[in-house]
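**Student:** coords please:
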Amino acid sequence: MEVDAFSFDKLPIHDTCWSATVAADGAFYAAACCEHTGGVAAYMVRFDPETDELEYLFDVGEVVGEPSDNGRATQCKIHYSLLPTDDGLLYGTTHLSGPPLGHVLYPHWGGKGDRRHGFIGAMFFVYDVNSRQILDHGMMVPEEGSRCQALDEKRGRVYVAGYPLDHFMVYDLNTRELRDCGRMGSVNPQVIWVDPEGNGYTADDFGRILKFDVEADRLVELNQRMPCPLFQDGWHTVPYDVVAGPDPWVVYGAPWHVFPHVFKYDMSDGPEGRMTDLGPAHPDYTGHELTGTGSDHVGGFVFDDDGMLYYCVNRRTNSAEESLHGAGSTNLVRMDVTTGQVEDFGPMQCGDHQVHYISRGMRCGNGDLMFAGVGHVPIHIYRHRPNCTSPGTAALRKWG
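**Tutor:** Prediction:
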């Protein structure tokens, strides 16, 4: 499958792109991250789908008051924590990984509490996409990173999965108060999502759905689990990516695990919701192949204007070395969610450039589908233009 590729050439050492979103202006916003080089902060980039222009907006460390040369672990990335509002704001919150300037590695656990070199905490910023200005910034989670977030826009609060302690937290945007709702497990989910009423959802280490119930004002366990193969016990079946369908009460996604299954979860079907297993993302795999969360990865879930679901599936090679390091192809797949029919369009590529890994997919205001890439330095983002018959305006995705 031929796609258009766009390289972040002006950021030659930034190495990953985990967070991306489409804001109220219809443009694609991506966080260029630098996980592996000390003393470098994340950078925000805007892609205009009408002109193909890449605009390098700002250094995240600078705007949150934590410059990357201050001796502490850097504000090196935004990890599934870009949240757009309907009135044109864009919230972003940082995550940890990058070492301080002059250091080789940063110990995520051992660095906690280190007042000199440790990560000071997940810092947030508020960017106005219309005025192109930073309106606010500050601390959200002290000494912790933000692994993923979702926005309850009606109540003005953010649901947060902290890292490394893996607690579910609620941050009030008006009072700036952070409430810790307790530990979810050890693995850490890669996505929190919300329903139209603002309830927050994620899953624990075994795929059990957790819901922050806005009426009860607390985190509860539901009697629903994300699917996994029969030969697994469910451990590590944490959600990787989730997207709302044409019915906003119904979401589709896949876990962050080997041999992942695609699922459909109807949040409106009774007090627990209803989970449906849509089958393995790699239907030809037997379970005896070489495994790896990178080589089996599924992500980039996004709907086009016609209500067709797209997602990106990593395919292993026959080489043990390549498979274990996540190499191989990333195939673009389309599902008709009304019939269940699945089409695999084959490896995503632009000429000789091979896509390795897709973290997130978004629909731009003009209908283009944009995908954030990982695995190439400089970072690349990718575009696919579906042949839609009923173009329309999609609701903004309120989670990272």
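**Student:** list the contacts for residue 330?
**Tutor:** 312, 313, 314, 315, 347, 348, 354, 355, 356, 357, 358 (CB atoms under 8 Å, 6 or more residues apart in numbering). To be clear about C-beta, it is placed using only N, CA and C from the backbone, and glycine gets the same treatment.
**Student:** got a list of what residue 206 touches?
**Tutor:** Contacts of residue 206 (CB under 8 Å, 6+ apart): 185, 225, 233, 234, 235, 237.
**Student:** repeat that with 6 Å
**Tutor:** Residues in contact with residue 206, defined by CB atoms under 6 Å, 6 or more residues apart in numbering, are 234, 235.
**Student:** check residue 163 too.
**Tutor:** Contacts for residue 163 (CB under 6 Å, 6+ apart) come out as 145, 147, 188.
**Student:** also residue 280?
**Tutor:** Contacts of residue 280 (CB under 6 Å, 6+ apart): residue 261.
**Student:** make it 10 Å
**Tutor:** Going by CB atoms under 10 Å, 6 or more residues apart in numbering, residue 280 touches 227, 228, 229, 254, 259, 260, 261, 262, 287, 296, 298.
**Student:** now render those residues as a markdown table, adding distance to residue 122 and secondary structure.
**Tutor:** Shown next, in a markdown table, are the contacts of residue 280 (distance: CB to CB, whole Å; DSSP: H, G, I helix; E, B strand; the rest coil):
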| residue | distance to residue 122 | secondary structure |
| --- | --- | --- |
| 227 | 31 | coil |
| 228 | 30 | coil |
| 229 | 34 | coil |
| 254 | 26 | strand |
| 259 | 32 | coil |
| 260 | 27 | coil |
| 261 | 31 | strand |
| 262 | 30 | strand |
| 287 | 38 | coil |
| 296 | 29 | coil |
| 298 | 26 | strand |
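**Student:** what's the PyMOL syntax to select whichever of the residues you listed are buried?
**Tutor:** Listed next is the PyMOL selection for buried residues among these, using 16 or more other CB atoms under 10 Å:
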select buried, resi 227+228+229+254+259+260+261+262+296+298
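**Student:** stretch 13-30 - what's its average pLDDT?
**Tutor:** Stretch 13-30 comes out with an average pLDDT of 98.
**Student:** mind listing what's buried in that stretch?
**Tutor:** The neighbour-count check on stretch 13-30 (16+ other CB under 10 Å) flags 14-24, 26-30 as buried.
**Student:** lowest-confidence one in the contacts of residue 280?
**Tutor:** Here the lowest pLDDT out of these sits on residue 287, with 86.
**Student:** residues in contact with the closest residue to it other than its chain neighbours?
**Tutor:** Excluding the flanking residues, the one nearest residue 287 by CB to CB, 6 or more residues apart in numbering is residue 231, at 5.6 Å. By CB under 10 Å, 6+ apart, the residues touching residue 231 are 259, 287, 288.
**Student:** tell me the one among these nearest to residue 373.
**Tutor:** In terms of CB to CB, no member of the contacts of residue 231 lies closer to residue 373 than residue 259, at 23.2 Å.
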